[in-house]
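Asks: This is a predicted model, with the sequence first.
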Amino acid sequence: MQNNMYSFKHALNFANIMQELNQVLTVLKKAPKGELLLLDLSNIQHCDCSGLALFIEIKKLALIFNVRYKMINIPDKLHALAQFYG
């Protein structure tokens with residue numbers, strides 16, 4: 001993580017989703033209240049429905065820890081998948 005930025009490094013799928021959740025949870029716990037955390041999605045080459053579930057969980061956790069976040073550099077395929085699932 002760079003100053004207020006967390007970058008996902010690989011695919012988001014069932015095999016690694018808990019590892020990613022734990023890493024993001026650690027970042028959210030350490031972030032000062034009200035801080036804007038940028039989530040850089042540019043390196044995600046593959047994402048399945050478990051990855052989308054991770055983003056829903058991040059939204060819930062950010063509210064709990066009072067951390068604002070913004071997803072940046074969303075790959076087109078991921079954006080299309082999210083739109084498909086609504």
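Replies: Done, it's in.
Asks: where are the low-confidence patches of this structure?
Replies: Residues of the chain meeting the criterion pLDDT under 70: 1-3, 86.
Asks: biggest helix in it by residues?
Replies: Scanning the chain for the helix with the most residues, using DSSP state H, yields helix 49-64.
Asks: For this structure, just list every one of the helices.
Replies: With DSSP H, the ranges of helices along the chain come out as 17-30, 49-64, 76-85.
Asks: can you count the residues close to the closest residue to L12 other than its chain neighbours?
Replies: Once flanking residues are discounted, L12 sits nearest to G51: 3.0 Å by C-beta to C-beta, 6 or more residues apart in numbering. Heads up, the C-betas are built off the backbone N, CA and C, glycines and all. For G51, the count of nearby residues is 22 (other C-beta atoms under 10 Å).
Asks: Centre of the chain to stretch 29-46, how far?
Replies: On the basis of C-alpha atoms, centre = their mean, to the nearest Å, stretch 29-46 sits 6 Å off its chain's mean C-alpha point.
Asks: Stretch 31-49 too?
Replies: Stretch 31-49 has its C-alpha centroid displaced from the chain centroid by 4 Å (C-alpha atoms, centre = their mean).
Asks: Residues contacting it, please?
Replies: Around stretch 31-49, the neighbours that count as contacts under C-beta atoms under 8 Å, 6 or more residues apart in numbering are 4-14, 24, 27-28, 51, 58, 62, 65-75, 77-78, 81, 85.
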